[in-house]
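Participant: My questions are about this predicted structure, shown below with the sequence.
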Amino acid sequence: MADRTLPPEPPSSSHDRPDPDLERRLATLALLPVPPRPDLTDRTASADPSGAPVHPIDLDLDLEPIGAGSRPAAPSRRRLLVGLAAAVVLVLAGAALLALDRRDGSTVAGPAPSEEVPDLAGRTFWSTSVTEAGVPVTFDALAPSGLVEVHLAFEAGLVRASAFCDAITAPYQVVGNRLIVDEGEVVDSSVRTMGSCATDASRFAWLRDLVTAEPTLALEGDRLTVTAGETVVELLDRSVTDPDRPLEGTMWELDATIDGGTTSSAFAEPGEARPFLQLLGQSGAGLRFLGDNGCQGVTGTVEVDGDAFRVIETMTNMNACFTGLDAADAYAAVLGADATFAIDGSRLTITNGDRALVFTGSDLVMATTSTVPGEVATSSPTTMSGLDRMDAVVATAWELESVVEGSVRTSAEPQGPGGRRALLSFTVDPSASTVVVTGNDGCNDFGGMAVVRETSIGFTSMGRNDVGCQGGIGAAAETMVQVLVGETTYALDGGLLTISQDDRSLTFRPAGER
Amino acid sequence: MRDVTGTSEDFSAWYEAAWPRIVRAVTVYLGRSSDAADIAAEAATRALSRWDGPDRPADPTTWAIVVAINLAKRRGQRDQRGRELTPDHPVAVELGATDLDVWDAVQGLAPREREAVALRYGSDLTEPAVAVAMGITPGAVAATLHRARAKLRAALSETHHG
């Protein structure tokens, strides 16, 4: 039957114009949830040392069969920590179970519970542990971890309980320490948009039973415990588990692009920058932003007012793009005009019409490094430690003073009417050991990524917008742009930063000092 | 930067970026989530064992995906035998934001078509890379994907009307 739909001509990629709707739906295969990757260091011994043929096609021949011995080895530190935390919660939950059981008993036997549960209205909780008789609740391997995660939201007299895409909504009351939900009023509010979310009947039934079993509630600060018989759900207030990340200063990495009703996930090739967006701070009328659309550097300014995200100007560098066009298109479409934004936990969505960019912000914990330009290091001693030196380089906004090429020193003076001094500054990317580089050669903006080490700086993905500058940008600024590519060495001396590559070096002083 | 695990920095970066692509290729190919992480970890381990040596693959991502698919084929065969004993064996997969109907339709494809779809869409490999991975010409990849898309369109329109 399917064959009847084949066109008569032999298919080739140039003639085969794929149906955009099918392409979009197929692209959702790249949204499959992925479990955390294990630490491989303990596994290397199990890898076959025989040396497979270099061409991968032949590999089938020498793969050892998979046996019990090739299960993932010891978990990574992170997973181990999570495991420990879960174990602790488990113990706590066990204790809570005992305590609550006792309380339940007393409820049945005599006096009403003394503990009134404070008002839950307007609060949302995410589970940290879900157990039955002390054993974590799972639904086969449905979740990446196999574990179920429950969200409870209390709003305007309604409780919404969800686990993945299964959800119920119902009017609720809290009587004493019990959550009272009438089973007849429960509404199935599972997410079933375009079949993009897996629902599960047994998980749905479990959720409904939990909520309608008149479970007891125990609220202690941000911690809510819901107990129904042997089922214990430990939850934390969402403001603790997933606080809204600040728009400014967070490293927003592109997760997905939305076009109409279709979501496409964003990928980066290894070694290539993942598309990102970062708001760097006030610049004239708006906030300066910097990003990467998967191919080109993007800079501009935006006016943020309430949920309005009004792009004042946006520029990309001149890279020719072969891949990542989806993200590049989406950046152009969404950041091309007035948009709106919303931050929900670690998620930033910038929407323009029916198109949107969806970003995930890096953990706040990592974003502790101060990056106020020009604040530090105007008189750095030469003996400062490597870490201090790195901090000073990153925390200072630099102005190009002079360039040495071979034995020729050229001072960097503003060129042309209205010319500016060439500038260089860094902003920490909290997600990695890299920093975002931004600068201006006196006329054009440039930017990219850098890794700042104790005595060297590696510049990658550097790009520049060429706007055509009256009077040119001057030899010194031109040299600067050429030097800030690839691996460089640097020194801080007397508050001056010198960045060198081969026989060329650039000397910067903190901006605005002159 | 130093890495707590002692593995080289560029491997860690590669591993982080390649991990979802390997896992998704295997998940789409096998049609289930179980085993995918295990297989992907094994493939990545093999990449790691070659990372600093002369056998380092030129394109480690494609290489690791091929290794993983080959491992998955073996495991798939083994499970096929097991499944004959229990025909209604439920297959568990967490689909997240993946289109359920497309998922089901892809699982109905022939293994070779499913492999091409897994590599092209699950791993987001380019068609030339899929050709390298499958050891066939780019033209054959285009033909395979063309056939797969036609079948998927037919299956999806059945879902719609049925």
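Facilitator: Right, received. Where do you want to start?
Participant: quick one: average confidence on stretch B:22-36?
Facilitator: Stretch B:22-36 carries an average pLDDT of 89.
Participant: mind listing what residue B:108 touches?
Facilitator: By Cβ atoms under 8 Å, 6 or more residues apart in numbering or on different chains, the contact list for residue B:108 reads B:151, B:155. Where you see a C-beta, it was placed from the backbone N, CA and C, and this is true even at glycine.
Participant: Let me see the backbone angles for it.
Facilitator: phi -90, psi 0 (degrees, to the nearest 10).
Participant: From chain B, how far off is the residue nearest to residue A:316 when sequence neighbours are not counted?
Facilitator: Spatial nearest neighbour of residue A:316, excluding adjacent residues (Cβ to Cβ, 6 or more residues apart in numbering or on different chains): residue A:296 at 4.1 Å. According to Cβ to the nearest Cβ, to the nearest Å, residue A:296 stands 19 Å off from chain B.
Participant: I'd assumed residue A:462 was in contact with residue A:296.
Facilitator: No - Residue A:296 is beyond contact range of residue A:462, at 11.5 Å (criterion: Cβ atoms under 8 Å).
Participant: who has more neighbours, these two?
Facilitator: residue A:296 (23 against 18; other Cβ atoms under 10 Å in any protein chain shown).
Participant: how close does the more buried one sit to residue A:442?
Facilitator: Distance, residue A:296 to residue A:442, by Cβ to Cβ, to the nearest Å: 22 Å.
Participant: next one: residue A:239
Facilitator: 46 Å.
Participant: wait, what's in contact with residue A:189?
Facilitator: Going by Cβ under 8 Å, 6+ apart, residue A:189 touches A:160, A:162, A:167-169.
Participant: continuing past the worst-scoring helix or strand of chain B on mean pLDDT, what's the next helix or strand?
Facilitator: Ranking every helix and strand in chain B by mean pLDDT, DSSP states H and E puts helix B:60-85 at the bottom, with a mean of 71. The helix or strand immediately downstream of helix B:60-85 is helix B:100-107, counting by DSSP states H and E.
Participant: and the next element down the chain from that next one?
Facilitator: Heading C-terminal from helix B:100-107 (DSSP H and E), you reach helix B:111-117.
Participant: buried ones in the next helix or strand after that next one?
Facilitator: The first helix or strand that comes after helix B:111-117 along the chain, using DSSP H and E, is helix B:127-134. By neighbour count with 16 or more other Cβ atoms under 10 Å in any protein chain shown, helix B:127-134 contains the buried residues B:127, B:129-134.
Participant: got a list of what the residue nearest the centre of chain B touches?
Facilitator: Centre of chain B computed as the mean C-alpha position; nearest residue by Cα atoms, centre = their mean is residue B:25, 1.6 Å away. Under the criterion of Cβ under 8 Å, 6+ apart, the neighbours of residue B:25 are B:65, B:68-69, B:118-119, B:122-123.
Participant: For chain A, just list every one of the helices.
Facilitator: All helices of chain A, identified by DSSP state H, fall at A:20-27, A:77-109, A:201-212, A:238-241, A:325-334, A:386-395, A:475-483.
Participant: Which of the ones you listed has the lowest mean pLDDT?
Facilitator: helix A:77-109 (a mean of 34).
Participant: what's around residue B:73, how many residues?
Facilitator: Neighbour count of residue B:73, defined by other Cβ under 10 Å: 16.
Participant: typo on my end, residue B:43
Facilitator: Neighbour count for residue B:43, taken as other Cβ under 10 Å: 30.
Participant: and the gap between it and residue A:482?
Facilitator: From residue B:43 across to residue A:482, the span is 41 Å (Cβ to Cβ).
Participant: Repeat that for residue A:303.
Facilitator: In terms of Cβ to Cβ, residue A:303 sits 34 Å off from residue A:482.
Participant: same thing with residue B:142?
Facilitator: From residue B:142 over to residue A:482 the distance is 42 Å, taken as Cβ to Cβ.
Participant: quick one: which of these two has more around it?
Facilitator: residue B:142 (21 against 13).
Participant: Please export the C-alpha coordinates of the stretch of helix or strand the more buried one belongs to as PDB.
Facilitator: Taking DSSP H and E as the definition, residue B:142 sits inside helix B:138-161. Extracted in PDB, the C-alpha atoms of helix B:138-161 (Å, rounded to 0.1, in the frame of the first residue of the first chain):
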ATOM      1  CA  PRO B 138      24.600   9.000  -0.400                       C
ATOM      2  CA  GLY B 139      22.200   8.100  -3.300                       C
ATOM      3  CA  ALA B 140      21.200   4.900  -1.500                       C
ATOM      4  CA  VAL B 141      20.600   6.900   1.700                       C
ATOM      5  CA  ALA B 142      18.400   9.300  -0.200                       C
ATOM      6  CA  ALA B 143      16.400   6.400  -1.700                       C
ATOM      7  CA  THR B 144      16.100   4.700   1.600                       C
ATOM      8  CA  LEU B 145      14.900   7.800   3.300                       C
ATOM      9  CA  HIS B 146      12.600   8.600   0.400                       C
ATOM     10  CA  ARG B 147      11.000   5.200   0.800                       C
ATOM     11  CA  ALA B 148      10.800   5.600   4.500                       C
ATOM     12  CA  ARG B 149       9.100   9.000   4.200                       C
ATOM     13  CA  ALA B 150       6.500   7.600   1.800                       C
ATOM     14  CA  LYS B 151       5.700   4.800   4.200                       C
ATOM     15  CA  LEU B 152       5.500   7.200   7.100                       C
ATOM     16  CA  ARG B 153       3.200   9.500   5.200                       C
ATOM     17  CA  ALA B 154       0.900   6.600   4.400                       C
ATOM     18  CA  ALA B 155       1.000   5.300   8.000                       C
ATOM     19  CA  LEU B 156       0.300   8.700   9.400                       C
ATOM     20  CA  SER B 157      -2.600   9.400   7.100                       C
ATOM     21  CA  GLU B 158      -4.100   6.100   8.200                       C
ATOM     22  CA  THR B 159      -3.700   7.200  11.800                       C
ATOM     23  CA  HIS B 160      -5.500  10.400  10.900                       C
ATOM     24  CA  HIS B 161      -8.400   8.800   9.100                       C
END
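Participant: If you count contacts, what does that helix end up packed against?
Facilitator: Contact here means 3 or more Cβ pairs under 8 Å, 6 or more residues apart in numbering or on different chains; DSSP states H and E; on that basis helix B:138-161 packs against helix A:20-27, helix B:100-107, helix B:111-117, helix B:127-134.
Participant: Ok, which of the ones you listed comes nearest residue A:124?
Facilitator: helix B:100-107 (26.7 Å; Cβ to Cβ).
Participant: Can you check what angle separates that closest one from helix A:20-27?
Facilitator: 80 degrees (axes from the mean of the first three to the mean of the last three Cα atoms, to 10 degrees).
Participant: Ramachandran angles for the residue nearest to residue A:316?
Facilitator: With angles defined as degrees, to the nearest 10, residue A:296 sits at phi -120, psi 150.
Participant: Not counting its neighbours along the chain, what's nearest residue B:16?
Facilitator: Closest residue to residue B:16 apart from its sequence neighbours, by Cβ to Cβ, 6+ apart: residue A:37 at 7.1 Å.
Participant: what about the residue nearest to the centre of chain B, distance to residue B:68?
Facilitator: Distance from residue B:25 to residue B:68, by Cβ to Cβ: 6 Å.
Participant: Equivalent analysis for residue A:295, please.
Facilitator: Residue A:295 sits 27 Å away from residue B:68, taking Cβ to Cβ as the criterion.
Participant: The two - which one has more neighbours?
Facilitator: Between residue A:295 and residue B:68, residue B:68 has the larger neighbour count (other Cβ under 10 Å), namely 29 against 23.
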